[in-house]
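> How does the following fold in three dimensions:
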Amino acid sequence: MNFPPPTQFPPLILDDIKGAQKMLSGVSRVTAMEGSRHLTALVGAPVRFKCENLQRTGSFKLRGAYVRIAGLSPVERAAGVVAASAGNHAQGVALASALLGVRATVFMPVGAPLPKVAATREYGARVRLHGHVVDETLAAAQEYARETGAVFIHPFDHPDIIAGQGTVGLEILEQCPEVRTIVVGIGGGGLAAGIAVAVKAVRPDVRIVGVQAAGAAAYPPSLAAGHPVSIGSLQTMADGMKVGRPGDVPFPLIRDLVDEIRTVSEDELSSALLLCLERAKMVVEPAGASPVAALLSDPRSFRGPVVALLSGGNVDPLLMQRILTHGMSAAGRYLSLRLRLTDRPGALATMLAVLSVADANVLDVSHVRTDPRLGLTEAEVELHLETKGPEHCAEVAAALRDAGYLVLN
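Predicted structure coming up:
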C-alpha cells in the first residue's frame, strides 16, 4: 500500500474536516435534508433524512475519494491511482480521478452489478473484473499497486478519506442545528468516524448511533476485544456493509466518539428500504437504509430531533426487485399458505370466491390433485396472496378456516 501504518498518522481533528469541506466546494453537493412524517410519528420526535443517496455518483463516497486524491503529490498523481470496490467507492474514485485529471484503475468483483460497472467506466476509470468476493478483488488491486506504483485508494482506512466523509457531519449541523441524535450506517467505519469527529467537536451532547447489518457486524466483537478483529462469513444483502474487519484508522475514533452500535436484521433492512420507497419516494440501497431499519426496530429509544443518514442509492434493479419482494413479505404484505379442499368441479372457484370476499389479491395458485399424501377425494392448493398487512393476513386465514378449509400453514 502507498500509505504509512495507522500509528504514523496524526490524529484527525475538526480543522482537517473543515479543510476538506473547502476542498469539496463546487465538487460534492450539499445534499438535501428531508423530514419524515411517518418516522416522526413513530419516534415521537422530529426525524429527518440526510439524503446522500442524491449525492453525485449516488453516495457519500465521492467526498473522501476526492479529498484523498487531491492530496497526492504531482509524482503520485502521475503514477495514477487504483481502487477495489463492488460499487460506490469505485464510482467515487472514478469521478474524483476524472475531475482531477488522474488516471484510475478500479478492480471490481466478477459478479458486480452491471449498472455499477458501466457507471464506473462512464466516469472514466479503467475497470478490471477480478475475483468473486471483495477480499479477492482487494488483494488484486493491492498487487497492481505494488507492480505499477499506482497509489492505492482505500475505501475507509485513511485520514483523508475520513476527513472527506466527515463533511457530511458539518452539513448536518448546519442544516439541523437542533439535532440531538444522528444515526449512521457502518461498514469499515470511515463515514461514522468522520461524522463523529466533526459533530462531537462542535456538539459533544449529540448522540451518535452506528448501525450494522447483523450478518456482517464486525464492530461489536472488535469493541469488546479493544482492537479490530476479523469475523468469518458475511451474510447480508447490504453490500456496502460487507466488511469483515474494521479499519485501523477509524476504529479508535468510533470506539471513543460513537455512543452506541446497533445491529439490524435482513427483514428490518428490507422493511426500511420499502418504507423509503413508499413513504419518502427515495431510492436507497440496503446499507443506506440501515439507519431507518434501526429506527423502525425500536423507535421510542431515540431522542429527537433525529437525523438518519441515507448514505447511498446505488442498487441494482434486479436486486431491488428481490429486496422489495422480501420487504413486502416482512411487512406482512404477502401471504403464502397451503390448504386442503374436496376435489370436485367448482371447488377451486368456490375457494377463490372466499378470497375475493376477504379482499385478498391472488398472485399465484398451484393446484395439486395427484399426490400420495392426498386422499381419493382431496386436492391441495398452494396460494400466494397480496394482502394489506399482518392483520389482514390473519383475517384472510380466518375466513378460509370459517369456510371449512383445512389451512396447513
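> Next, work out how far apart the residue lying closest to residue 110 once chain neighbours are set aside and residue 275 are.
Distances taken as CB to CB, 6 or more residues apart in numbering place residue 129 nearest to residue 110, at 5.0 Å, with adjacent residues excluded. C-beta: built from backbone N, CA, C; applies to glycine. According to CB to CB, to the nearest Å, residue 129 and residue 275 sit 34 Å apart.
> what do you get for residue 92?
Distance from residue 92 to residue 275, by CB to CB: 26 Å.
> And those two? Which one has more around it.
Legend: neighbour count by other CB atoms under 10 Å for residue 92 and residue 275, higher for residue 92 (34 against 22).
> Can you report phi and psi for the residue nearest to residue 110?
With angles defined as degrees, to the nearest 10, residue 129 sits at phi -90, psi 120.
> what's the distance between residue 32 and residue 175?
Taking CB to CB, one finds residue 32 at 8 Å from residue 175.
> One more: residue 182?
From residue 182 to residue 175 the distance is 12 Å (CB to CB).
> And for residue 204?
On the measure of CB to CB, residue 204 and residue 175 end up 19 Å apart.
> Show me which of those two is the more surrounded one.
Ranked by neighbour count (other CB under 10 Å), residue 204 and residue 175 place residue 175 first, with 15 against 8.
> tell me which residues form a beta bridge with the nearest residue to that one once chain neighbours are set aside?
Leaving out its chain neighbours, the residue that sits closest to residue 175 by CB to CB, 6+ apart is residue 33, at 4.5 Å. Assessed by DSSP bridges, residue 33 has beta-bridge partners residue 50.
> list the contacts for residue 373?
By CB atoms under 8 Å, 6 or more residues apart in numbering, the contact list for residue 373 reads residue 380.
> Ignore what I typed, I meant residue 263.
Taking CB under 8 Å, 6+ apart as the criterion, residue 263 is in contact with 211, 212, 213, 214, 217, 220.
> give me that answer again for 6 Å
Residue 263 is in contact with 212, 214, 217, counting by CB atoms under 6 Å, 6 or more residues apart in numbering.
> can you tell me how far it sits from residue 121?
According to CB to CB, residue 263 and residue 121 sit 35 Å apart.
> now residue 193
Going from residue 193 to residue 121 by CB to CB gives 30 Å.
> Over to residue 24?
In terms of CB to CB, residue 24 sits 24 Å off from residue 121.
> more crowded one of those two?
residue 24 (20 against 16).
> Closest to the centroid, which residue in the chain?
For the chain, the residue nearest the mean C-alpha position is residue 287 (0.8 Å; CA atoms, centre = their mean).
> Without its sequence neighbours, what residue ends up closest to it?
Take residue 287 and drop its neighbours on the chain: the residue closest to it by CB to CB, 6+ apart is residue 240, 3.1 Å away.
> Based on its surroundings, how many neighbours for the residue nearest to residue 110?
Using other CB under 10 Å: residue 129 sits among 15 other residues.
> what does residue 202 give?
Using other CB under 10 Å, residue 202 has 12 other residues around it.
> what's near enough to touch it?
residue 173.
> and the gap between residue 70 and residue 163?
Residue 70 is 11 Å from residue 163, by CB to CB.
> Between the two, tell me which one has more neighbours.
Taking other CB under 10 Å, residue 70 and residue 163 do not tie; residue 163 has more neighbours (31 against 18).
> which residues does the residue lying closest to residue 145 once chain neighbours are set aside bridge with?
Spatial nearest neighbour of residue 145, excluding adjacent residues (CB to CB, 6+ apart): residue 152 at 4.2 Å. Beta bridges link residue 152 to residue 82 when assigned by DSSP bridges.
> list the buried ones in the helix or strand hosting residue 167?
Assigned by DSSP states H and E, residue 167 belongs to helix 159-175. Residues 159-173 are the ones in helix 159-175 that count as buried (16 or more other CB atoms under 10 Å).
> Likewise for stretch 221-230?
Those would be 222, 223, 228, for stretch 221-230 by 16+ other CB under 10 Å.
> Please apply the same query to stretch 312-331.
Residues of stretch 312-331 classed as buried: 312-316, 320, 323-324, 326-328, 330-331 (neighbour count, 16+ other CB under 10 Å).
> Now the closest residue to residue 352 other than its chain neighbours: which helix or strand?
Spatial nearest neighbour of residue 352, excluding adjacent residues (CB to CB, 6+ apart): residue 362 at 6.6 Å. Using DSSP H and E, residue 362 maps to strand 361-368.
> ok, residues contacting that strand?
By CB under 6 Å, 6+ apart, the residues outside strand 361-368 that reach it are 380, 381, 382, 383, 384, 385, 386.
> now that strand, how far from the centre of its chain.
33 Å (CA atoms, centre = their mean, to the nearest Å).
> How about stretch 61-72?
22 Å.
> from here on, count from 476
Will do, 476 is the new start, and the previous item becomes stretch 536-547.
> Show residues contacting that stretch.
Contacts for stretch 536-547 (CB under 6 Å, 6+ apart): 495, 498-499, 502-503, 531, 556, 563-564, 567-568, 570-571, 575, 577, 628, 635-636, 638-640, 642.
> make it 8 Å
495, 498-499, 502-503, 530-531, 552, 556, 558, 563-564, 566-568, 570-572, 574-575, 577, 626, 628, 630-631, 633, 635-640, 642-643, 665, 669, 787.
> Please apply the same query to stretch 617-634.
So stretch 617-634 is in contact with 476-478, 481, 484-485, 487, 491, 536, 539-540, 543-544, 547, 551, 554-560, 564, 568, 580, 582, 603, 616, 636-637, 662-666, 718, 722-725, going by CB under 8 Å, 6+ apart.
> hmm, 7 Å instead?
If you take CB atoms under 7 Å, 6 or more residues apart in numbering as the criterion, stretch 617-634 is touched by 476-478, 484, 487, 491, 540, 543-544, 547, 551, 554-558, 560, 564, 568, 580, 616, 636, 663-665, 722-725.
> Okay then, goodbye and thanks.
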